[in-house]
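Trainee: turn this into a model:
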Amino acid sequence: KIGLCGPPPAGQDKALLCLSNNCCVADTFSAFQERFMRLYKRKAMLHHYDKFLGSDSQQEFEEAAENLKALVKEYQEYDMSSSQSIPAERMRIKPAI
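Mentor: The predicted structure is shown next:
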C-alpha cells in the first residue's frame with residue numbers, strides 16, 4: 001500500500017509512505033523458530049505456563065511450533081515462486097531521485 005502523507009519532513013515538498021509484505025521476513029521467522037525449538041526441547045520456562053494453561057500447555061506449544069514451521073515453509077515457497085516470475089533487475093525496489 002502506498003500513500004501520500006499529510007505533513008512532509010522538514011525541507012521536503014512531499015512525503016510518501018509504503019507498506020509492503022516481503023518474503024524476507026521468512027528468515028526472521030526461521031530464526032525465531034530455531035530459538036523456540038532450542039528452548040522447548042529443554043522444557044525451559046514451561047513451568048511458568050503450566051499455571052495459566054494447565055495440563056494443555058505442552059499441546060499448545062507443540063501446536064504453536066507446527067504453526068510457525070508451516071508459516072516459514074509458506075513464505076519460502078512463495079518467495080521461490082515469485083522470484084522465478086520476476087526478472088532479476090526488478091527484484092529490488094530502487095528509489096527514484
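Trainee: so for the helix or strand F32 falls within, mean pLDDT?
Mentor: Element membership for F32 (DSSP states H and E) is helix 25-41. Here helix 25-41 scores 88 as its mean pLDDT.
Trainee: which residues in the protein form strands?
Mentor: Applying DSSP state E to the chain gives strands spanning 2-5, 15-18.
Trainee: and these, which one averages the lowest pLDDT?
Mentor: strand 2-5 (a mean of 63).
Trainee: quick one: the residue most central in space within the chain from E74, how far?
Mentor: Nearest residue to the geometric centre of the chain (C-alpha atoms, centre = their mean): V25, 3.9 Å. As for V25, its distance to E74 is 11 Å (criterion: C-beta to C-beta, to the nearest Å). To be clear about C-beta, it is placed using only N, CA and C from the backbone, and glycine gets the same treatment.
Trainee: ok, back up a step: who's in contact with the helix holding F32?
Mentor: Contact with helix 25-41 is made by M45, L46, F61, A64, A65, L68, K69, L71, V72, Y75, Q76, D79, as judged by C-beta atoms under 8 Å, 6 or more residues apart in numbering.
Trainee: identify the residues contacting the last one.
Mentor: Think D79. So D79 contacts C23, C24, A26 (C-beta under 8 Å, 6+ apart).
Trainee: do the third one as well
Mentor: Residues near F61 by C-beta under 8 Å, 6+ apart: Y40, L46, Y49.
Trainee: what's the burial count for the first one?
Mentor: Pointing back at Y40 there. 16 (other C-beta atoms under 10 Å).
Trainee: where's it relative to P8, distance?
Mentor: Taking C-beta to C-beta, one finds Y40 at 47 Å from P8.
Trainee: remind me which residues of this protein are low pLDDT?
Mentor: The chain contains residues with pLDDT under 70 at 1-5, 19-21, 81-97.
Trainee: now the helices: where do they sit in it?
Mentor: Taking DSSP state H as the criterion, the chain carries its helices at 25-41, 46-53, 57-85.
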